[in-house]
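K.L.:
build me a structure from this.
(chains A, B and C)
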Amino acid sequence: MTFSLYETLSVSLDEDGVATLRLDRPAQLNAFDLTMARELERFFLTDARSDDVRAVVVTGAGRAFCAGMDLSRAGNVFGLDEALAPTPEEFRAHYDEPPYHDGLRDTGGRVTLAIHALPKPVIAAINGAAVGIGATMTLAMDIRMASTEARIGFVFGRIGITPEAASSWFLPRIVGLQQALEWIYSADILTAEAARAGRLLRSVHAPEELLPAAQELARSFVKGRSPVALGLAKQLLYRHAGSADPLEAHLSDSLAVFWSSMGDGKEGVAAFLEKRAPSFEGRASELPRID
Amino acid sequence: MTFSLYETLSVSLDEDGVATLRLDRPAQLNAFDLTMARELERFFLTDARSDDVRAVVVTGAGRAFCAGMDLSRAGNVFGLDEALAPTPEEFRAHYDEPPYHDGLRDTGGRVTLAIHALPKPVIAAINGAAVGIGATMTLAMDIRMASTEARIGFVFGRIGITPEAASSWFLPRIVGLQQALEWIYSADILTAEAARAGRLLRSVHAPEELLPAAQELARSFVKGRSPVALGLAKQLLYRHAGSADPLEAHLSDSLAVFWSSMGDGKEGVAAFLEKRAPSFEGRASELPRID
Amino acid sequence: MTFSLYETLSVSLDEDGVATLRLDRPAQLNAFDLTMARELERFFLTDARSDDVRAVVVTGAGRAFCAGMDLSRAGNVFGLDEALAPTPEEFRAHYDEPPYHDGLRDTGGRVTLAIHALPKPVIAAINGAAVGIGATMTLAMDIRMASTEARIGFVFGRIGITPEAASSWFLPRIVGLQQALEWIYSADILTAEAARAGRLLRSVHAPEELLPAAQELARSFVKGRSPVALGLAKQLLYRHAGSADPLEAHLSDSLAVFWSSMGDGKEGVAAFLEKRAPSFEGRASELPRID
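P.N.:
Residues are numbered from 1 along each chain as shown, chains lettered A, B, ... in the order given. Reported below is the predicted structural model:
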């Protein structure tokens, strides 16, 4: 497939469908600006949705992963429209319409919601500094791996702002509430080892081994697997990590098992019984609706 | 008490009220079929509800715990009615009626919801292979202990289906979201040690020591304790692990403390002040309603 | 500032705004009675709300932290009105009115909800025995540090009552569901090391080093920081540790970033770009409404 052209990103795809997305403004340490925000949102909502893409690995070009928001912008540094003043009720009712969609919604959150909505594995390969939105964007990815050189900071408190990018939903579910509070309050820069000990990172790797290891893990998730079953599994885990009662999960997973038992599951079971590799035909772009 | 007769299960009860439930199809490695599903659901909804049963330990007969769904069934391998095609809304509105109750609801989830609803401690003693539903059924149990010989696999992805048995609600709350996603995506078979390191297992034991250790832990939970207080505590923890706000927990636990302060709590406090063992009379079959 | 006079508490404030609150009934091992309950609730709803207070460290006078509920009271030991008998629906509709507000609501929960509602860091410095409400009150605090001498027990089951103080909401989100269930079921007294290994405690300290370490950590959270950003961050993390979907977090944090980008965030960014220390003027008593 051919990807869109991006100013701030570069993308490649291997033969197993593992896309590698590079934040690619190395001279600016891949700082996040409004162009990168729009391009990341677009990548996850369009290109990454292609059935040719089975999983995504996100890394940074050069020595940083993402040095955070570019704070040099004139006017409102986050690109927000300071003339607005909605009540919470007004904003919630109309957040996806003008003027709130572009004038008030946090740009980092628009990106993480797009990552979250992709029904495919997404792995962060944190190769260097990941600060501010550079740290929080990885929380919406399924797995975080890092180089020994990585430094990770939820540093919002140092500049008088709050954590964003829906990080308050993801972080406590990854590391627990006490660790989440401490990291947000301290606003410190963490070493890779501290971030691993606190359960933010799955694993830490020598710098030159990080990206191959992340790509290999992504490959192991998708080779010989049903894109439909993978996509539904991702939806199930995130939705019910937040639902009130196991009955909710039962209702969703009953439909997921039901539809897959007539689709790729039929082939999967047959292949298992015949001791051969399955040949799945389902497409992540055509998931059955389970919720 | 006398338990029902089961084809696929065997049950015993010790003098402290600790029931040991064995999945008992050893020649089939205790594979889960529709008979076992119906019998497990019945055990947890009827026999286990007897006030003579104070806690349940679940293990497997022979060398496996449960080798997963028996995939050799003709027609829909999960026993589902392929003629159905409800929308999610239709299914949610009528899931407990025909034709959905028996034709579409995941059988594993019917079992785990029955385990979840039992207001008594349930401990999994995973003595060998626990694969597919053999793994996910343990997630609805309160504590998981395993033998060094145990092998645990959330292998659904290998046959093109999705995790079931409401596991998407339980797993992230036991091991965290990142570990849950990796295990479901990888669909690998885990050693006992890997499962313990990932926080799925409370502890790992020599094979001959596993069942006695699980029974002893169960005994320590119930001897000299109020079945009412235990049952309410289980309800509180599961319900508010999923509720939106601490106020919800406050409203439930206020009622739980209120009713127990006039029941077994009165005896418990008196016994404490008189430095004697309490003699509780409350029954788990008569819990006050707190929600 | 001058604090109220309390019978059961003593309070001091350092020059960085770190208040140290001592449970101060050392002859009774700081046992929790209805006076202490009302005073703790009052402290967190009034004195601690002063903008002079930036963070709170809670510890015990003498050798205990809090030995639990004083069980020597005549009549209903928890101070509840045994003539009441509401349905759950009736109680939920009127819990904050007479006769339920003072006659049925759990007093421990009234305290923990007041702690929870304070938009400032709260750190428990557990210097000795913390039993029953002495243990559960710390769960609503953001960070738990302990002395090697600390002993912590969720001992409710031993006297026939249930965990309270909204602990069923907090505990699983701090230590995970399996550990929470085991501690509540076992009702054992934990050593500091066991509580740390189970992730209840952030860290364990030599007795004489505990309080200075807790105060130093509190100081590191607030010095040079915006009280508004800190308060909103605390609200975001607790609220979305319990919300259903990342979109909810996005809607809240968009408003939090928006309002702080026009308040202390403007100064924070300017100071960062000018490589100087920020001078924040926002007040925790005037947080913008984000929900």
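
K.L.:
what's the burial count for the residue of chain A found nearest chain B?
P.N.:
Residue nearest to chain B within chain A: A:G268 (3.0 Å; Cβ to the nearest Cβ). In this view, the C-beta of every residue, glycine as well, is placed from N, C-alpha and C. Here the neighbour count serves as a burial measure; for A:G268 (other Cβ atoms under 10 Å in any protein chain shown) it reads 27.

K.L.:
cool, and A:A64?
P.N.:
Residues contacting A:A64 under the criterion other Cβ under 10 Å number 25.

K.L.:
quick check: closest non-adjacent residue to it.
P.N.:
A:L29 (3.8 Å; Cβ to Cβ, 6 or more residues apart in numbering or on different chains).

K.L.:
check contacts around that neighbour.
P.N.:
With contacts defined as Cβ atoms under 8 Å, 6 or more residues apart in numbering or on different chains, A:L29 is in contact with A:G62, A:R63, A:A64, A:C66, A:A67, A:G128, A:A129.

K.L.:
so what's the closest residue to the last one other than its chain neighbours up against?
P.N.:
Just to be clear, that refers to A:A129. Spatial nearest neighbour of A:A129, chain neighbours left out: A:A64 (4.5 Å); criterion: Cβ to Cβ, 6+ apart. With contact taken as Cβ under 8 Å, 6+ apart, A:A64 is in contact with A:P26, A:L29, A:N30, A:N127, A:G128, A:A129, A:A130, A:G134.

K.L.:
do you know how far A:A64 is from C:T20?
P.N.:
For A:A64, the distance to C:T20 under the criterion Cβ to Cβ, to the nearest Å works out to 41 Å.

K.L.:
can you give me the helices in the stretch 151-291 of chain A?
P.N.:
Taking DSSP state H, counting those that start in this stretch to define them, one finds helices in the stretch 151-291 of chain A at A:167-175, A:177-186, A:192-197, A:207-222, A:227-240, A:246-262, A:264-273.

K.L.:
the shortest one close to chain C?
P.N.:
No - using Cβ under 8 Å from any Cβ of the partner chain, we find that helix A:192-197 stays clear of chain C, coming within 11.7 Å at best.

K.L.:
which neighbouring elements make contact with that helix?
P.N.:
When contacts are defined as 3 or more Cβ pairs under 8 Å, 6 or more residues apart in numbering or on different chains; DSSP states H and E, helix A:192-197 sits against strand A:143-147, strand A:151-153, strand A:203-205.

K.L.:
how far is that helix from where the chain is centred?
P.N.:
20 Å (Cα atoms, centre = their mean, to the nearest Å).

K.L.:
the fifth one now?
P.N.:
Taking the mean of its C-alpha atoms, helix A:227-240 sits 14 Å from the chain's own mean (Cα atoms, centre = their mean).

K.L.:
list the buried residues of it.
P.N.:
A:227-240 (16 or more other Cβ atoms under 10 Å in any protein chain shown).

K.L.:
so does it get close to chain B?
P.N.:
Yes - against chain B, helix A:227-240 shows contacts by Cβ under 8 Å from any Cβ at A:V228, A:A229, A:L230, A:L232, A:A233, A:K234, A:L236, A:L237, A:Y238, A:R239, A:H240.

K.L.:
so who does the last one touch?
P.N.:
Residues in contact with A:H240, defined by Cβ under 8 Å, 6+ apart, are A:E248, A:A249, A:S252, B:A166, B:S168, B:W169, B:P172.

K.L.:
can you give me the neighbour number for the fifth one?
P.N.:
When you say that, I think you mean B:S168. A total of 32 residues lie near B:S168 under the criterion other Cβ under 10 Å.

K.L.:
many thanks, I have nothing further to ask.
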